[in-house]
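Trainee: whatever this is, show me its structure:
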Amino acid sequence: MTIRLNGEPFEIAGPVSISTLLAELKIDPRQVAVERNLAVIKRDRYETTMIGEGDEIEVVKFVGGGSRDC
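Mentor: Purely as a prediction, here's the structure:
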């Protein structure tokens with residue numbers, strides 16, 4: 001089945017949870033935020049939130065840093 005992952009078509013075997021998708025992508029769920037169809041999904045719902053045909057998934061990694069010149 002095809003979903004959109006970060007704006008690009010992406011094939012997955014079938015309906016999977018967000019946790020399963022992140023594991024397949026080797027992404028640590030503690031270091032990302034996930035949006036499904038324009039809704040931010042809370043981390044405690046990754047295991048129970050299923051991804052289906054045509055869903056749009058955005059995975060955003062947290063980036064640290066900044067400037068000392070504030």
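Trainee: and the strands in this structure?
Mentor: Along the chain, counting by DSSP state E, strands occupy 2-5, 8-11, 16-17, 32-36, 39-41, 50-51, 56-61.
Trainee: CSV for the ones you listed, including mean pLDDT, distance to K26 and mean neighbour count?
Mentor: Yep, even glycine has a C-beta here, placed from its N, CA and C like the rest. Formatted as CSV, these follow (pLDDT from 0 to 100; distance: least, Cβ to Cβ, whole Å; neighbours: other Cβ atoms under 10 Å):
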stretch, mean pLDDT, distance to K26, mean neighbour count
strand 2-5, 98, 14, 16
strand 8-11, 97, 14, 10
strand 16-17, 97, 15, 16
strand 32-36, 97, 12, 17
strand 39-41, 97, 19, 11
strand 50-51, 97, 17, 18
strand 56-61, 96, 12, 15
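Trainee: and these as JSON lines, adding distance to A23?
Mentor: Below are the strands of the chain laid out as JSON lines (distance: least, Cβ to Cβ, whole Å):
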{"stretch": "strand 2-5", "distance to A23": "14"}
{"stretch": "strand 8-11", "distance to A23": "15"}
{"stretch": "strand 16-17", "distance to A23": "9"}
{"stretch": "strand 32-36", "distance to A23": "12"}
{"stretch": "strand 39-41", "distance to A23": "15"}
{"stretch": "strand 50-51", "distance to A23": "13"}
{"stretch": "strand 56-61", "distance to A23": "12"}
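Trainee: who wins for proximity to E24 among the ones you listed?
Mentor: strand 16-17 (7.7 Å; Cβ to Cβ).
Trainee: now the closest one: how far from the chain's centre is it?
Mentor: Put simply, strand 16-17 sits 11 Å off its chain's centre (Cα atoms, centre = their mean, to the nearest Å).
Trainee: just stretch 52-59 next, same as before
Mentor: 8 Å.
Trainee: stretch 57-65 too?
Mentor: Here stretch 57-65 shows a centroid-to-chain-centroid distance of 10 Å under the convention Cα atoms, centre = their mean.
Trainee: now tell me what touches that stretch from outside.
Mentor: For stretch 57-65, the surrounding residues in contact (Cβ atoms under 8 Å, 6 or more residues apart in numbering) are 3-7, 10, 18, 21-22, 25, 27, 31-36, 51.
Trainee: many thanks, I have nothing further to ask.
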